[in-house]
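> Pasted the sequence and its predicted model underneath.
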Amino acid sequence: MSQGLAQHSKDDRQERLAKIREALGPRSIVLIGLMGAGKTAVGRRLANRLEMPFIDADTEIEVAAGATVSEIFAEYGESYFRQGERKVIARLLEAGPQVLATGGGAYMNADTREAIKAHGLSVWLKADIKVLLKRVGRRGSRPLLAGGDAEGVMKKLMDERYPIYAEADITVESRDVPHETIVSAVIDALAIKLGCNAKAAKVQGRKKVK
Ligand code: S3P
């Protein structure tokens, strides 16, 4: 590609990102999906590309509680964690625009789903069991998987949660490819959903002139 063309497509990409930001307004992009789907890793890079703040809900819960997610589960139980999760996410959603990565169970709460619908655009990073197990194998910080049968737990969670996750505004397959590839797929999907394709807009513009 000549330098002129490369610059042209870079300008198009920047224009498209600016349009996405504009179309979002104060809304957050909210990443949902199972443990290991890549919400934090993809979210961080997505925020970087969109030049928006990145917030990880689990980290915020940990800061608010002064304890890790595992400690909260162990000391107070899952339902206490879920209450905190709902409150913290409701608070975070008031502070958009931003990219917000949520813990895998967050979207299962009806209040949280409502709040996300009101203040954000939800993106489900949908991954198959092989990808999820490969990714969660890397860290031992997930209390739901501490019992040992990660595959069994994950399959059960997929059965319970995938029909609900399917309510998300956008679904992107999170495959075993570099995170940047998934980020590009999310940006493409956002552009389509928000009607921000620079090229399409130009073609339409030309049509109008005729
Ligand atoms: C959970 C997922 C975790 C964390 C907690 C419970 C879940 O977050 O919120 O361990 O219910 O799926 P990640 O999805 O970021 O691992």
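Right, received. Where do you want to start? Residues are numbered from 1 along each chain as shown.
> Got the phi and psi for the closest residue to residue 155 other than its chain neighbours?
Nearest residue to residue 155, sequence neighbours excluded (Cβ to Cβ, 6 or more residues apart in numbering): residue 129, at 6.5 Å. Where C-beta positions appear, they are placed from N, C-alpha and C, glycine not excepted. When read as degrees, to the nearest 10, the backbone of residue 129 gives phi -60, psi -40.
> For residue 154, list the residues it contacts.
34-36, 129, 132-133, 136, 145 (Cβ atoms under 8 Å, 6 or more residues apart in numbering).
> So which of those belong to helices?
Members of those lying in helices (criterion: DSSP state H): 129, 132-133, 136.
> Can you name the element that comes right after the one helix or strand residue 20 maps to?
Under the criterion of DSSP states H and E, residue 20 resides in helix 3-24. With elements assigned by DSSP H and E, the helix or strand that comes after helix 3-24 is strand 28-32.
> tell me which of the contacts of residue 154 is nearest to the ligand?
Nearest to the ligand out of the contacts of residue 154 is residue 35 (Cβ to the nearest ligand atom; 3.6 Å).
> Report the separation between the residue lying closest to that closest one once chain neighbours are set aside and residue 184.
Distance criterion Cβ to Cβ, 6+ apart; nearest residue to residue 35, sequence neighbours excluded, is residue 104 at 4.7 Å. Distance of residue 104 to residue 184, computed by Cβ to Cβ, to the nearest Å: 23 Å.
> ok, those two, which is more surrounded?
Neighbour count, other Cβ atoms under 10 Å: between residue 104 and residue 184, residue 104 has more, with 22 against 16.
> which residues does that one contact?
Going by Cβ under 8 Å, 6+ apart, residue 104 touches 32-35, 37, 157, 161.
> what are the bridge partners for residue 171, then?
Listed by DSSP bridges, the beta-bridge partners for residue 171 are residue 124.
> per-residue pLDDT, it?
pLDDT recorded at residue 171 is 98.
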